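In: Here's a sequence, model it:
(one chain, ligands or ions: 2)
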Amino acid sequence: MHLLTPPNAAPVVEAWTAYRTADAGQWNARQLAEAKRGTTVSVVIPARNEQETIGAIVATIHRQLVTEVQLVDEIVVVDSRSTDATAEVAARAGARVVDQDEVTSGLPRMDGKGDALWAGLAASTGDVVAFVDGDLRDFSSTFVIGLLGPLLTDRSVEFVKGFYHRPLAGAAGVEADGGGRVTEISARPLLNLFWPELAGFVQPLAGEYAGRRTTLEAIPFVSGYGVEIAMLIDLLDHVGPAALAQVDLGERHHRHQNLAALGRMSAQIMVTAWSRLYHRGLVTEPLPPTTMLTQFSRGGDDQLPHLNRQVSVADIGVQERPPLTTVAQTVTAPAA
Ligand SMILES: O=c1ccn([C@@H]2O[C@H](COP(=O)(O)OP(=O)(O)O)[C@@H](O)[C@H]2O)c(=O)[nH]1
Ligand SMILES: O=C(O)[C@@H](COP(=O)(O)O)O[C@H]1O[C@H](CO)[C@@H](O)[C@H](O)[C@H]1O
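Out: Residues are numbered from 1 along each chain as shown. Ligands and ions are numbered 1, 2, ... in the order given. Purely as a prediction, here's the structure:
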């Protein structure tokens, strides 16, 4: 009988999950401030039009982890072509704000979250870098403490991914575990099928994670929303599963995009997965037949006959920034 799943996949994943899963409550800020012993820490927040939430996130980290306890050395907010007051609100709350396109000036222009994160890594200075999304509601500094715990207490850990329960707040109320839609419908199946060593990650697309700079600067950053799935796959190849860890951060509330937007996000994640399958020699072409995604929505004027729907076509192709170690000398990291 042809085995669909290698016999040893589950036990390996089970062992990794048991060995490299922790809970944020295992550490507190003062304990980690002691443990860091000269290791510097940056928090990098990618933010595109997050004026409603960025202030509380930055102020909480600044008050509790910069002023009250000296655990975090800098908070860098990457203004990702915002058209609202994100930059002003973030600066007023205590962040150093850098402009995504200023940091990458002189390099090919790229788009999306992955490019903002790469710019944030380039513009920050910490030995350890924690990434936090800028659209979080009810933010707690436990998110940062939990991500830093393994990195500041165990030299064998190179990268930590957060995980949490993800309620989905919508017009009909709150669905306790309805969030993480692209994770459950696209990313998790893709990783289980093609990278079963990563099947133990509870939230592979979580926007909260941290790593050692030397490791983060050694991998490429895929632009757009391909950045998280590519990072896990590339780190698996670069440092191996034993150097990867995950921490339970409790529950996460954030702004939810609509299904059409998540369809485009999912397509970017699939194109990114395809590129990593090509790296492994499992597909013969670096790109799928097309990166154009056609979607349909209710209404619209210029409809095709009998369609009674609006047609939209988006290019869901992604690019990637090379490892910072290969370009660091040309990146303009704005003065602090
Ligand atoms: O081009 C972009 C897209 C997103 N983001 C930020 O990346 C984080 C996660 O993005 P988003 O909320 O769109 O993703 P979701 O959480 O809905 O999957 C947020 O802080 C966004 O402001 C960004 O800096 N630049
Ligand atoms: O996990 C997911 O399915 C998506 C969408 O989450 P929701 O269905 O809006 O809770 O959110 C994540 O995916 C993005 C792509 O990797 C990350 O950039 C986001 O930080 C993360 O929230």
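In: from here on, contacts and neighbour counts on C-alpha atoms
Out: Fine.
In: Sort out which residues of stretch 59-70 are buried, please.
Out: Neighbour counts over stretch 59-70 (16 or more other Cα atoms under 10 Å) mark 59-62, 64-66, 69-70 as buried.
In: Pull the residues that contact the helix or strand encompassing residue 326.
Out: Assigned by DSSP states H and E, residue 326 falls within helix 324-327. Helix 324-327 is touched from outside by 122, 217-220, with contacts defined as Cα atoms under 8 Å, 6 or more residues apart in numbering.
In: and the residue lying closest to residue 269 once chain neighbours are set aside, how many neighbours does it have?
Out: Sequence neighbours aside, residue 226 is the residue nearest to residue 269 in space, at 4.8 Å (criterion: Cα to Cα, 6 or more residues apart in numbering). The number of residues packed near residue 226 is 27, by other Cα atoms under 10 Å.
In: So residue 226 sits against residue 317, correct?
Out: No. With contact defined as Cα atoms under 8 Å, residue 226 does not reach residue 317; the gap is 9.6 Å.
In: Now do the shared contacts for those two.
Out: Both residue 226 and residue 317 are contacted by 268, 271, under the criterion Cα under 8 Å, 6+ apart.
In: which of the residues in stretch 103-118 are buried?
Out: 103-104, 110-118.
In: pLDDT value on the closest residue to ligand 2 within the stretch 1-150 of the chain, please?
Out: Closest approach between the stretch 1-150 of the chain and ligand 2, counting by Cα to the nearest ligand atom: residue 133, at 6.0 Å. Residue 133 is assigned a pLDDT of 98 by the prediction.
In: looking at this, it is in a strand?
Out: No. Read with DSSP: H, G, I helix; E, B strand; the rest coil, residue 133 is coil and lies in no strand.
In: residues near it, how many?
Out: Other residues lying near residue 133 total 21 when counted by other Cα under 10 Å.
In: residues touching it, list them.
Out: Residue 133 sits in contact with 45-47, 207-208, where contact means Cα under 8 Å, 6+ apart.
In: If we use 7 Å, what do you get?
Out: 45-46, 207-208 (Cα atoms under 7 Å, 6 or more residues apart in numbering).
In: Tell me the residues on the protein that lie near ligand 2, please.
Out: Residues of the chain lying near ligand 2 by Cα under 6 Å from any ligand atom: 133, 179-183, 205-207, 225, 228, 256-257.
In: hmm, try it at 5 Å
Out: Proximity of the chain to ligand 2, by Cα under 5 Å from any ligand atom, involves residues 179-183, 205-207, 225, 228, 256.
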